[in-house]
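*Asks:* This is a predicted model, with the sequence first.
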Amino acid sequence: MAGKSRIGRVYLVGAGPGDPKLLTLRGKECLEQADVVLYDYLANPALLSHAPPQAERIYVGRRGRGQYQPQETTNRMLVERARQGQIVVRLKGGDPFVFGRGGEEAEALAAAGVLFEVVPGVTAAVAAPAYAGIPVTHRTMASTVTFVTGHEDPDKSTTALEWPRLASSHGTLVFLMGMKNLPSIVSNLIGEGRPSTTPVALIRWGTRAAQRTVVGTLADIVEKAQQAKLEPPTVVVVGEVVKLREQLNWFERRPLFGKRVLMTRAKEQAGELAGLLADAGAEPIEGATIQIVEPKDWALVDRAIDELGRYDWVIFTSVNGVVQFMKRLQMCGHDARRFAGRRICCIGPRTAEELATYGLTADVVPAEYQAEGVLESLAASDLSRAHILIPRAEVARAILPEELRARGAVVDVVSVYRTEVPRDSVESWKQLLLEREIDSVTFTSSSTVRNFIELVGGEAQARGLLQSVAVACIGPITAQTARDAGLSVVILPNENTIPALVEAMAGYFGTGVSVAAAPAP
């Protein structure tokens, strides 16, 4: 936290148009050192995860419709927090200096003698059309582009917009915050001589999975907007370049475009799944039903580390098992050399990849990524009197150690982590399910299924919430747990991996046909 002698500073950070991956590297750096973040309606809330957990997050939202706090209040808050010695990030949608009132905030900071820095962002004026397949300039169609406010200061006595010049321009016009005044914009352009056949595109929530695009002409775009019930935030693009959308519409053709997917795996593990879902056009929603915590006692793990040389095999059954065991190994003053002479089996390629980050290569990775697959992959090995170590979760299936012991092996199972049920963010994603705002939910372990059911209040409640939601399970064991609870599993990949899960989801939503690697019992 800020000390008394610390000099405060304000970063006016452009949050970009909505896609969280369009945040600049500098913007991310600023967020990572923030004591307090003031964010608005257009800044994607996902960006707040870059701020430290203890950082204060304050919503100072501004919308195209409805009430919002005066700009002076925000200005005053920025100055006061900086004077308290805090690092303040003002996270603003798009670019702070492109119709974002960042200039006014910078003026207030300068007048107060507060140190500040402006971090430019990707403006929606360019990004939203690009994600809709519309280049704002084109060598044969538009050599100029004009950014225009669609919402002038209501206290002005007269307009500052030069409608005759705008109407006579042969380039592209991009209106920001223009939905409320769309009829006036159209009327002014046509009235000043712009042909009524001029193409127009309306892009709502550009660059997000919720993006929606309506195309028409000046003659009919107001009616089409009313039929589509479009509301802010919407970018209005006027010009011949709109015709290129039919050919260049790349984003909205992604297989999972527009789908909202609830991810129930631990927050620490959700990165890969979230990234693949976003790449496929979906909007990933964090709804962790598992929290990874340390075991209550490290004694057995520490003894296994001290005696690692007596084991013939070490079997890792999850990425978490690798991370937690190797972290403890290093805390005990050891490194990968401790594994010299040991053979290692990893339950799947992702677990083997994690192991490789520590300089270790798995000797065995089964074709079937579950306990049965491990047993089959070791079938040819003589395990009689072999000493085997399995670092894993406190609660896990018993089949692997039991079967290995049945083959004559001496098996030690040590708990390197526990899973708990997090309850801090339940209401937010539960509300989305109640409002039918979720298209699919992913379960990546039996624990995620059981914990989800517990968090929503029981099996009956879970069935009700997921009645119209496509349930996707990473493998047959997880799917069976879901089916035993009465859930209908419609997506099941051919292999137990995150990439295969996302591929199966894309196949399901592309065809509307259930995708399952094995029939339900």
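*Replies:* Arrived safely, thanks for sending.
*Asks:* what residue ranges in this protein score low on pLDDT?
*Replies:* Where the chain drops to pLDDT under 70, the residues are 1-5, 62-68, 152-158, 511-521.
*Asks:* if I look at Y11, how far off is G27?
*Replies:* Separation of Y11 from G27 (CB to CB, to the nearest Å): 8 Å. All C-beta atoms are positioned from the backbone trio N, CA, C, and that covers glycine.
*Asks:* Name the residues contacting each of the two.
*Replies:* Between them, Y11 and G27 share these contacting residues under CB atoms under 8 Å, 6 or more residues apart in numbering: V119.
*Asks:* The residue nearest to T442 when sequence neighbours are not counted: neighbouring residues, count only.
*Replies:* Distances taken as CB to CB, 6 or more residues apart in numbering put A472 closest to T442, at 4.8 Å, once the chain neighbours are dropped. By other CB atoms under 10 Å, the residues close to A472 number 26.
*Asks:* Then the one 3 residues further on?
*Replies:* With neighbours defined by other CB under 10 Å, the count for G475 comes to 25.
*Asks:* So it sits against L492, correct?
*Replies:* Yes. If you go by CB atoms under 8 Å, G475 and L492 touch, sitting 7.5 Å apart.
*Asks:* biggest strand in this structure by residues?
*Replies:* Ranked by number of residues, the top strand in the chain under DSSP state E is strand 410-420.
*Asks:* Restrict that strand to CA atoms and write it as PDB.
*Replies:* Only the C-alpha atoms of strand 410-420 are listed here, as PDB (Å, rounded to 0.1, in the frame of the first residue of the first chain):
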ATOM      1  CA  VAL A 410       4.500 -50.700  -3.400                       C
ATOM      2  CA  VAL A 411       2.500 -47.500  -3.900                       C
ATOM      3  CA  ASP A 412       2.800 -44.300  -1.900                       C
ATOM      4  CA  VAL A 413       0.200 -41.600  -2.500                       C
ATOM      5  CA  VAL A 414       0.900 -38.200  -1.200                       C
ATOM      6  CA  SER A 415      -1.400 -35.200  -1.200                       C
ATOM      7  CA  VAL A 416       0.300 -32.100  -2.700                       C
ATOM      8  CA  TYR A 417      -2.900 -30.000  -2.900                       C
ATOM      9  CA  ARG A 418      -6.500 -29.900  -1.800                       C
ATOM     10  CA  THR A 419      -9.500 -28.400  -3.600                       C
ATOM     11  CA  GLU A 420     -12.000 -26.200  -1.900                       C
END
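*Asks:* Output the contacting helices and strands for it.
*Replies:* Other helices and strands packing on strand 410-420, by 3 or more CB pairs under 8 Å, 6 or more residues apart in numbering; DSSP states H and E, are strand 291-293, helix 299-306, helix 319-331, strand 387-393, helix 399-406.
*Asks:* All the strands of the stretch 351-500 of the chain, residue numbers only.
*Replies:* Taking DSSP state E, counting those that start in this stretch, the strands of the stretch 351-500 of the chain run over residues 387-393, 410-420, 440-443, 470-473, 489-491.
*Asks:* and of these, who's closest to F99?
*Replies:* Across the strands of the stretch 351-500 of the chain, F99 has its closest neighbour in strand 440-443 (35.7 Å, CB to CB).
*Asks:* Pull up the pairing partners for that closest one, direction included.
*Replies:* Strand pairing for strand 440-443, determined by DSSP bridges: strand 260-263 (parallel), strand 470-473 (parallel).
*Asks:* Identify the residues contacting the first one?
*Replies:* In other words, strand 260-263. Strand 260-263 is contacted from outside by 209, 270, 273-274, 277, 282-288, 429, 432-433, 437-442, 469, 505, using CB under 8 Å, 6+ apart.
*Asks:* repeat for the last one
*Replies:* Strand 470-473 is contacted by residues 439-444, 449, 479, 482, 487-492, 501, 504-505, 508-509 when judged by CB under 8 Å, 6+ apart.
*Asks:* at 6 Å what do you get?
*Replies:* S440, V441, T442, F443, A479, A482, L487, V489, V490, I491, L492, M505 (CB atoms under 6 Å, 6 or more residues apart in numbering).
*Asks:* who's the third one bridged to?
*Replies:* Judged by DSSP bridges, the bridge partners of T442 are M263, A472.
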